[in-house]
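Engineer: dropping the sequence and predicted coords here.
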Amino acid sequence: MNRKYTMVIQWSEEDNLYLVHLPEFPWQKFVTHGRTYQEAAQNGQEALDGLIEVMQDNNQPLPEPKSFSFV
């Protein structure tokens, strides 16, 4: 199953890191971080894979991916 979820990566001056948020999983404010944008994206993908695996192992329904359209 190939699901496409949203990953928001934002810079935090306070933490001096890029923070990663997965909006379709709202109970997780920021799931991970990275010193570089690329590191944050890689860590975010690993966190997403882990969340999906745990939910599937526990027979929990996965959230529907959001769809965005730009005009």
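Structural biologist: Cool, the structure landed.

Engineer: got any ranges where this protein has weak pLDDT?
Structural biologist: 1-2 (pLDDT under 70).

Engineer: for the residue positioned nearest the centre of it, give its distance to E46.
Structural biologist: The residue lying closest to the centre of the chain (C-alpha atoms, centre = their mean) is L22, at 3.3 Å. Distance, L22 to E46, by C-beta to C-beta, to the nearest Å: 12 Å. Where you see a C-beta, it was placed from the backbone N, CA and C, and this is true even at glycine.

Engineer: in this protein, mark out all the helices, start to finish.
Structural biologist: Under the criterion DSSP state H, helices of the chain are mapped to 37-57.

Engineer: ok, which stretches of it are strands?
Structural biologist: Under the criterion DSSP state E, strands of the chain are mapped to 8-12, 17-21, 32-34.

Engineer: to F70, which of the ones you listed lies closest?
Structural biologist: F70 lies closest to strand 8-12 among those, at 15.7 Å (C-beta to C-beta).

Engineer: what helices or strands is the closest one leaning on?
Structural biologist: Contact analysis of strand 8-12 by 3 or more C-beta pairs under 8 Å, 6 or more residues apart in numbering; DSSP states H and E lists strand 17-21, helix 37-57 as its packing neighbours.

Engineer: could you rerun that using 10 Å?
Structural biologist: Secondary-structure packing of strand 8-12 (3 or more C-beta pairs under 10 Å, 6 or more residues apart in numbering; DSSP states H and E): strand 17-21, strand 32-34, helix 37-57.

Engineer: reformat the ones you listed as TSV; add distance to E64 and mean neighbour count.
Structural biologist: Converted to TSV, the helices and strands packed on strand 8-12 look like this (distance: least, C-beta to C-beta, whole Å; neighbours: other C-beta atoms under 10 Å):
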stretch	distance to E64	mean neighbour count
strand 17-21	17	20
strand 32-34	22	19
helix 37-57	13	15
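
Engineer: including distance to T6, could these go into TSV?
Structural biologist: Output for the helices and strands packed on strand 8-12, formatted as TSV (distance: least, C-beta to C-beta, whole Å):
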stretch	distance to T6
strand 17-21	9
strand 32-34	15
helix 37-57	10
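
Engineer: who wins for proximity to F68 among those?
Structural biologist: Closest among the helices and strands packed on strand 8-12, using C-beta to C-beta: strand 17-21, at 15.1 Å.
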